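Enquirer: below are the sequence and a predicted model; questions follow.
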Amino acid sequence: MNDESWLVVQLWVGYLLLAKLVLVLPWPAIRSPFFALVNLVAAYRLYYLGKFENKAFVAYVALVIVYLLTLRWLAHFRPSWLSWCGWLPVLALVVFKAWPVQGIEFPIYWVGFSYMAFRLSAISIEIANGQARLPNLAEGLGFAFFLPTLVVGPISPLANHQSGLSQGNVTLSDLGWALFRILIGVVKLNFLGAIALQFTFGVLWMDGNQHGLGDFVISSVGYYFYIYLNFSGIIDVAIGCSALLGIPVLENFDRPFSARNLKQFWSRWHISLTRYAQIMVYDPASRFLLRRFPGRVHLVTAIVSFVVFVLIGVWHGNSWNYLLFGLYHALGIVWLTYFGKFLKDRFGRSLLQVLNHPLVTAISITLTFFYVSFGYFLFENDLTRIIMILDMLFSA
């Protein structure tokens with residue numbers, strides 16, 4: 001471990017000890033302000049100091065404060081507008097990504113800004129639906145800059161955060177589980193993920209040798225494993241650190257490799273993002289279109305699903321490969337929608353029995369696994385490298 005990594009570990013340990021000390025304070029009135037302060041200082045120290053100018057961090061915090069104050073104003077004077085207010089953080093994300101403010105280097109290209117925007121966006125829906133109480137300014141800042149979920153999520157709901165602040169007792173068994181979860185994440189990140197990385201396109205195909213179809217399959221699967229181990233490893237650490245503080249956050253993965261179709265895959269992979277897209281885009285768009293086109297359930301499902309997955313692809317980045325990745329999954333979901341309709345018309349009531357047959361299950365899981373794996377070929381490589389790899393593949 002180098003000096004910088006050791007410093008990061010020390011800062012994390014210091015944060016967790018100080019945050020826990022604040023959460024066990026016997027005075028609830030000062031718990032939220034101090035918890036917000038601890039998270040703001042830690043976020044600045046760990047992720048901004050030396051990377052971004054002070055005014056960038058101040059502007060970052062100011063945007064969150066403006067949004068939280070807007071929420072409070074709407075809750076008191078225009079409660080019917082609360083749901084629409086959730087689009088303000090997303091709009092800010094799009095604006096600053098498309099037109100960066102001169103002189104202020106927003107960490108907009110850092111994915112953490114997106115996750116914060118989504119978490120804040122979902123607050124308005126939670127409050128409007130009565131799932132969470134309206135946060136005060138300190139509570140909102142503590143939630144927005146909560147260090148364990150600041151970088152890559154999960155996009156956990158405010159209600160979970162509030163319940164943790166109010167009754168987040170940690171038992172000895174909770175402590176053991178949290179430390180074990182962190183250990184699992186570290187092993188995924190530093191050991192298993194490093195092994196899988198060696199089989200990805202960025203490593204295996206850049207050795208100057210000729211590669212064929214077999215290596216294409218290996219690298220597609222290798223990157224699938226790599227991104228799972230890397231991403232889920234970070235999430236394991238985030239969930240473990242949150243559990244040490246007694247604050248529950250959403251799970252983000254649930255055995256994605258055993259998914260038997262693409263819809264089931266997205267209900268098991270990056271669960272919090274799928275949940276967010278469903279709440280903010282899929283559900284309201286589906287209701288709107290079904291009112292316009294009653295009885296056209298499959299058409300509406302196909303259209304809205306297509307739009308959602310194109311947006312998910314574009315959200316990952318501004319490059320063409322991410323758009324292709326979104327289109328790839330969008331087309332897969334549309335095909336699955338109509339294939340499911342065909343199977344239902346063909347087999348009727350016996351469909352469930354057919355689908356539960358062990359051979360059908362095994363084939364479904366295998367096809368889904370490789371479809372997802374080949375999709376990560378588009379995700380990992382930019383357009384230039386995609387063309388280069390395909391040219392090498394077809395000339396082999």
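Expert: That came through fine.
Enquirer: counting by contacts, list what the host helix or strand of residue 76 packs against.
Expert: Under the assignment given by DSSP states H and E, the secondary-structure element containing residue 76 is helix 54-77. Taking 3 or more CB pairs under 8 Å, 6 or more residues apart in numbering; DSSP states H and E as contact, the helices and strands that helix 54-77 lies on are helix 82-85, helix 87-98, helix 111-128, helix 137-144. The way it works is simple: take the backbone N, C-alpha and C, and place the C-beta from them, glycine included.
Enquirer: now the angle between helix 87-98 and that helix, please.
Expert: The directions of helix 54-77 and helix 87-98 differ by 160 degrees, with axes from the mean of the first three to the mean of the last three CA atoms, to 10 degrees as the criterion.
Enquirer: alpha carbons only: can I get helix 54-77 in CSV?
Expert: The C-alpha trace of helix 54-77 is given here as CSV (Å, rounded to 0.1, in the frame of the first residue of the first chain):
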residue,chain,number,x,y,z
ASN,A,54,-12.4,25.9,-3.4
LYS,A,55,-15.0,27.9,-5.3
ALA,A,56,-16.1,24.7,-7.1
PHE,A,57,-16.9,23.0,-3.9
VAL,A,58,-18.7,26.0,-2.5
ALA,A,59,-20.8,26.2,-5.7
TYR,A,60,-21.5,22.5,-5.4
VAL,A,61,-22.8,22.9,-1.9
ALA,A,62,-24.7,26.0,-2.8
LEU,A,63,-26.6,24.2,-5.6
VAL,A,64,-27.7,21.5,-3.0
ILE,A,65,-28.8,24.2,-0.5
VAL,A,66,-30.9,26.1,-3.1
TYR,A,67,-32.6,22.8,-4.1
LEU,A,68,-33.4,21.9,-0.4
LEU,A,69,-34.7,25.4,0.3
THR,A,70,-36.9,25.2,-2.9
LEU,A,71,-38.3,21.8,-1.6
ARG,A,72,-39.2,23.4,1.7
TRP,A,73,-40.9,26.3,0.0
LEU,A,74,-42.9,24.1,-2.3
ALA,A,75,-43.9,21.8,0.5
HIS,A,76,-45.5,24.7,2.4
PHE,A,77,-46.9,26.8,-0.5
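Enquirer: pLDDT averaged over it - what is it?
Expert: Rounded to a whole number, the mean pLDDT of helix 54-77 is 85.
Enquirer: ok so, going back, relative to residue 326, which of the helices and strands packed on helix 54-77 is closest?
Expert: Ranking those by their distance to residue 326 (criterion: CB to CB) puts helix 111-128 first, at 14.9 Å.
Enquirer: tilt between that closest one and helix 54-77?
Expert: Between the axis of helix 111-128 and that of helix 54-77 there is an angle of 10 degrees, by the same axes, to 10 degrees.
Enquirer: spatially nearest residue to residue 86, not counting backbone neighbours?
Expert: Once its chain neighbours are removed from consideration, residue 86 has its nearest residue in residue 124; the separation is 3.6 Å (CB to CB, 6 or more residues apart in numbering).
Enquirer: tell me the pLDDT of the one you found.
Expert: We note a pLDDT of 90 for residue 124 in this prediction.
Enquirer: next: residue 46.
Expert: Listed pLDDT for residue 46 reads 74.
Enquirer: for the helices and strands packed on helix 54-77, which has the smallest mean pLDDT value?
Expert: For the helices and strands packed on helix 54-77, the weakest mean pLDDT is recorded on helix 87-98, namely a mean of 80.
Enquirer: for residue 141, see how far away residue 57 is.
Expert: Between residue 57 and residue 141 the computed distance is 13 Å (CB to CB, to the nearest Å).
Enquirer: find residues that contact each of these two.
Expert: In terms of CB atoms under 8 Å, 6 or more residues apart in numbering, residue 57 and residue 141 are not both contacted by any residue.
Enquirer: enumerate every residue touching residue 248.
Expert: If you count contacts by CB under 8 Å, 6+ apart, residue 248 has them with 156, 160, 163-164, 242.
Enquirer: so which of those wins on neighbours?
Expert: When these are compared by neighbour count (other CB atoms under 10 Å), residue 156 ends up highest, at 27 neighbours.
Enquirer: the helix or strand residue 40 falls within - contacts with which helices or strands?
Expert: Assigning secondary structure by DSSP H and E places residue 40 in helix 28-43. For helix 28-43, the packing partners by 3+ CB pairs under 8 Å, 6+ apart come out as helix 3-23, helix 137-144, helix 147-150, helix 158-167.
Enquirer: please save the CA atoms from the longest one in PDB.
Expert: Extracted C-alpha coordinates of helix 3-23, given in PDB (Å, rounded to 0.1, in the frame of the first residue of the first chain):
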ATOM      1  CA  ASP A   3       1.500   6.500   1.100                       C
ATOM      2  CA  GLU A   4      -1.600   8.000  -0.700                       C
ATOM      3  CA  SER A   5      -3.700   4.800  -0.200                       C
ATOM      4  CA  TRP A   6      -2.700   4.600   3.400                       C
ATOM      5  CA  LEU A   7      -3.700   8.300   3.900                       C
ATOM      6  CA  VAL A   8      -7.100   7.500   2.400                       C
ATOM      7  CA  VAL A   9      -7.600   4.600   4.700                       C
ATOM      8  CA  GLN A  10      -6.700   6.800   7.700                       C
ATOM      9  CA  LEU A  11      -9.100   9.400   6.600                       C
ATOM     10  CA  TRP A  12     -11.900   6.900   6.200                       C
ATOM     11  CA  VAL A  13     -11.300   5.400   9.600                       C
ATOM     12  CA  GLY A  14     -11.300   8.900  11.100                       C
ATOM     13  CA  TYR A  15     -14.500   9.800   9.300                       C
ATOM     14  CA  LEU A  16     -16.300   6.700  10.500                       C
ATOM     15  CA  LEU A  17     -15.200   7.200  14.100                       C
ATOM     16  CA  LEU A  18     -16.200  10.900  14.100                       C
ATOM     17  CA  ALA A  19     -19.500  10.300  12.300                       C
ATOM     18  CA  LYS A  20     -20.400   7.500  14.800                       C
ATOM     19  CA  LEU A  21     -19.500   9.700  17.700                       C
ATOM     20  CA  VAL A  22     -21.900  12.400  16.400                       C
ATOM     21  CA  LEU A  23     -24.700   9.900  15.800                       C
END
